[in-house]
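1. Sequence unavailable; structure follows:
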């Protein structure tokens, strides 16, 4: 199977190395120092005390790699517009695009949504260019429950978690999604099929949309954020707004915010991906995590004063640092 990793960051590198070691013919779209490192060392992964390696083909231009059976898009959301401009040469009629990304994706209301079915979310795809470049029939959604970081270009450090939840936007258990789950399991991932991948994405977002931007503003790890009663209460109020929005788009969340806080606290002191991006001087994923929730609030008639405050502060913080 020909697999291309588009975005050889922490998650893309982790998934790509595992697939390569399981026998897939893996290539990577990369540039700069990452391209140099991949051509010299291949993909590398520190997992426990082991350093695993896998040679991969790499190129800056997707046209050099040609049509693929599977493209794993693992970029941060702000980079998706650029990916859309370049991904065409990788896609044939039967190519599957696995979107291993944070937040609400551009295909969120495809195959689902009731009264909102087919709605384009301007926060994540302002002019529809992403949807035109990667039509929903190519897409299988993926929600990643794992923590990885980069030790250097093309060199991933795995911290904890190994679960990939995947699903067709329509929720159907197609042959291709079952085959992809089997491939990921063969590669060593805990791959689970979802009956409604949008629900899994929304539930993960329910926690990410608060702790990520608060950590970006404050520089605090998650244990410190949730250990401050005033900050935790503010986060809970944002989550209650998002929970009401979820109920109105038929993705109800039965839990209370405090239930989710307990889950996060069990993970200990860790830096969110958005805090890692701020420290690395990279653009932050505010639109896919927070702006889109505000947009969904307007769409469904849910007032979002606490979400608005979080967005305003985190957006201003990122802008003065040139990260948004």
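-> Here it is on my side, so go on. No experiment lies behind these values; they were computed from the predicted model shown.
2. use CA for all of it now, contacts and neighbours both
-> Will do.
3. Tell me where the chain has strands.
-> If you assign secondary structure with DSSP state E, the strands in the chain sit at 2-6, 25-29, 43-47, 50-54, 57-59, 70-73, 96-100, 139-152, 155-167, 190-193.
4. Let me have those strands in CSV, extended by mean neighbour count.
-> Written out in CSV, the entries for those read as follows (neighbours: other Cα atoms under 10 Å):
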stretch, mean neighbour count
strand 2-6, 24
strand 25-29, 23
strand 43-47, 22
strand 50-54, 14
strand 57-59, 19
strand 70-73, 23
strand 96-100, 23
strand 139-152, 20
strand 155-167, 20
strand 190-193, 18
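5. looking at those strands, which is closest to residue 301?
-> Among these, the nearest to residue 301 by Cα to Cα is strand 139-152 (26.9 Å).
6. Just checking: what are the partner strands of the closest one?
-> For strand 139-152, the paired strands and their directions (DSSP bridges) are strand 96-100 (parallel), strand 155-167 (antiparallel).
7. now the helices: where do they sit in the stretch 101-250 of the chain?
-> Assigned by DSSP state H, counting those that start in this stretch, the stretch 101-250 of the chain shows helices spanning 129-133, 175-186, 197-218, 222-227, 229-248.
8. Reformat the ones you listed as JSON lines; add distance to residue 166 and mean pLDDT.
-> Output for the helices of the stretch 101-250 of the chain, formatted as JSON lines (distance: least, Cα to Cα, whole Å; pLDDT from 0 to 100):
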{"stretch": "helix 129-133", "distance to residue 166": "19", "mean pLDDT": "97"}
{"stretch": "helix 175-186", "distance to residue 166": "7", "mean pLDDT": "98"}
{"stretch": "helix 197-218", "distance to residue 166": "7", "mean pLDDT": "96"}
{"stretch": "helix 222-227", "distance to residue 166": "26", "mean pLDDT": "96"}
{"stretch": "helix 229-248", "distance to residue 166": "20", "mean pLDDT": "98"}
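9. Looking at these, which one is packed in the most?
-> Scoring those by mean neighbour count under mean count of other Cα atoms under 10 Å gives helix 197-218 as the most buried, with a mean of 22.
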